[in-house]
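Sequence and predicted structure are below.
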Amino acid sequence: MRRKIRNITQKDIDTILTIKGWIKSIRSSKKFSFIAINDGSCFNSLQIIVDSNIDNYENIISQLSTGASISATGKIVKSPGKEQSFEMQATEIKIIGECDPETYPLQKKRHSFEFLRTIAHLRPRTNTIGAVARVRNALSFATHKFFQENGFLYVNTPIITAADCEGAGEMFKVTTLDQNNLPKNDKNQVDYTKDFFGRPSYLTVSGQLEGETYACALSDIYTFGPTFRAENSNTSRHLAEFWMIEPEMAFADLNKNMECAEKYIQYCLEYVLEKCPQDMEFFNKFISKGIIEKLKNVINNPFEKLEYTKAIEILKNSKKKFEFPIEWGKDLQSEHERYLAEEYFKKPVIVYNYPAEIKSFYMRTNDDGKTVAAMDVLVEGVGEIIGGSQREERLEILEKKTDKIGLNKKDYWWYLELRKYGSVPHSGFGLGFERLVQFVTGMENVRDVIPFPRYPGHCEF
């Protein structure tokens, strides 16, 4: 029976096992060969010693090359080398899939991340992208584990929606209409009553609004799914398709929201350091030196919390020259967020009580009438990693906000009606999952922490 490499330990020394995987490297001679094989279950490869006395030695070795898939059976023995504590002495090698060494794009050299994006179907075999995948998996599991252990229910919110949660209009339209023969109404506008849903429909930018409805019946819920933004942003921080984690809590104010966000991030970091030690050592050594200590600092220290007004004061009093000017009433840019987290406080920062004019319509208006109960969590290397708020539970105020920004109340009738029947204070936040993976791994570009990145002009694979 096949054994995965991650499950082999020193207790297996003198045991005969079978492993299957892909060749990372091979050094061969007439008398014996060294094969490094990896099956993706962990960062480390297993070294296999193939002696020339095995059946059909020369024929088998001649067909092996980097990238080929094989099955190897043999005894696990103590290794005399420094790089591994044990290795396999093979008694049988079977070729599963050959690999043409002349055309295989992953050669024994360091490839740029830009190049690897062009071969996204093969890049998981590299050390970096394989490690990213395992860390991403651990963070996904930690997310579910944290919320489940804290009494949240997992809710699946729709991917196709007619409501724009952010009110920004940067959404991908979903339609079955013939683009070469669009039906028109008497105003010469596209007649969406002829479309599949009978109205304009879009890929969701957030599951928050629908999540609120379940929180206002089940108390604490969370969503974890794909979201979409049709922003023409060619940056290292933006994707057109990404994953969002969005908890919503009934009977919870902004303070409760901030507390949940802090505990969630600390929980995820602690989990990944425990479950992915080899991968994190790799990131610490080759991608972002000191990343492990940075994460431990986040785990072991409380987040700094300060009002937006105080944050503006700190930024204006700093002698740092920012590209974007600092004024009360303007949103914080990435350079401002990173200054607060990286240079001024040197730890995660939660900025709260933002000006109402720069935040979304659903955020609760504070008593001063100028600010809303919003919060952003800022971290080193990324900037904003979480955005959230206490939601506006007062119908009259919420209706005024929708009128002010010109939202069609017919599209939000159910969201408004939620405030008529047993309305309660509630709050929640959204975390861009890829930014969390970026933060944990130290990877610079968000396109390298999602399996198949979608961004302007790129929808391959």
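The structure has been received and is ready for your questions.

Any regions of this protein where pLDDT drops low?
Flagging of the chain using pLDDT under 70 yields the residue ranges 164-169.

show me where it has helices.
Taking DSSP state H to define them, one finds helices in the chain at 57-62, 113-117, 127-149, 208-218, 254-275, 277-282, 291-300, 308-317, 334-338, 395-405, 413-417, 433-441.

what are the ranges of the strands in the stretch 301-450 of the chain?
Under the criterion DSSP state E, counting those that start in this stretch, strands of the stretch 301-450 of the chain are mapped to 304-307, 349-355, 371-379, 383-391, 426-432.

Please name whichever of these is nearest to Gly81.
Using C-beta to C-beta as the criterion, the shortest distance between Gly81 and these is 39.1 Å, found for strand 371-379. From N, CA and C alone the C-beta is placed, and that goes for glycine too.

From the contact counts, what lies against the closest one?
Of the remaining helices and strands, those touching strand 371-379 by 3 or more C-beta pairs under 8 Å, 6 or more residues apart in numbering; DSSP states H and E are helix 254-275, helix 334-338, strand 349-355, strand 383-391, strand 426-432.

Kindly recompute the last result at 7 Å.
helix 254-275, strand 349-355, strand 383-391 (3 or more C-beta pairs under 7 Å, 6 or more residues apart in numbering; DSSP states H and E).

re the thing from before, rebuild the strands of the stretch 301-450 of the chain as a markdown table, extending it with distance to Pro325.
Written out in a markdown table, the entries for the strands of the stretch 301-450 of the chain read as follows (distance: least, C-beta to C-beta, whole Å):
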| stretch | distance to Pro325 |
| --- | --- |
| strand 304-307 | 20 |
| strand 349-355 | 15 |
| strand 371-379 | 19 |
| strand 383-391 | 17 |
| strand 426-432 | 26 |
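
quick one, which of the ones you listed is nearest to Val174?
Taking C-beta to C-beta as the criterion, Val174 comes closest to strand 426-432 out of the strands of the stretch 301-450 of the chain, the separation being 21.3 Å.

roughly how far out does that closest one sit from the chain middle?
How far strand 426-432 lies from its chain's middle: 15 Å, per C-alpha atoms, centre = their mean, to the nearest Å.

Stretch 94-108 now?
In terms of C-alpha atoms, centre = their mean, the centre of stretch 94-108 is set 31 Å apart from its chain centre.

Which positions in that stretch come out as buried?
99, 106 (16 or more other C-beta atoms under 10 Å).

Same check on stretch 231-239?
231, 237-239.

any idea which of the helices and strands packed on strand 371-379 is most buried?
Per-residue neighbour counts averaged over each of those give the maximum for strand 383-391, namely a mean of 24 (mean count of other C-beta atoms under 10 Å).

Can you give the distance from that one to the centre of its chain?
Relative to its parent chain, strand 383-391 has a centroid offset of 16 Å by C-alpha atoms, centre = their mean.

and if you look at stretch 44-53?
On C-alpha atoms, centre = their mean, the centre of stretch 44-53 falls 36 Å from that of its chain.

for it, which positions count as buried?
For stretch 44-53, burial by neighbour count (16+ other C-beta under 10 Å) applies to 44-50.

what's the answer for stretch 302-311, then?
Neighbour-count burial for stretch 302-311 [16+ other C-beta under 10 Å]: 303-306, 308, 311.

okay, the helices of the chain in JSON lines with distance to Gln10 next?
As requested, the helices of the chain are arranged in JSON lines below (distance: least, C-beta to C-beta, whole Å):
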{"stretch": "helix 57-62", "distance to Gln10": "28"}
{"stretch": "helix 113-117", "distance to Gln10": "34"}
{"stretch": "helix 127-149", "distance to Gln10": "22"}
{"stretch": "helix 208-218", "distance to Gln10": "47"}
{"stretch": "helix 254-275", "distance to Gln10": "20"}
{"stretch": "helix 277-282", "distance to Gln10": "16"}
{"stretch": "helix 291-300", "distance to Gln10": "24"}
{"stretch": "helix 308-317", "distance to Gln10": "52"}
{"stretch": "helix 334-338", "distance to Gln10": "44"}
{"stretch": "helix 395-405", "distance to Gln10": "62"}
{"stretch": "helix 413-417", "distance to Gln10": "58"}
{"stretch": "helix 433-441", "distance to Gln10": "29"}
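
For Gly406, which of the strands of the stretch 301-450 of the chain is the nearest?
The closest approach between Gly406 and any of these, judged by C-beta to C-beta, belongs to strand 371-379 at 18.4 Å.

now the angle from that closest one to helix 395-405?
70 degrees (axes from the mean of the first three to the mean of the last three C-alpha atoms, to 10 degrees).
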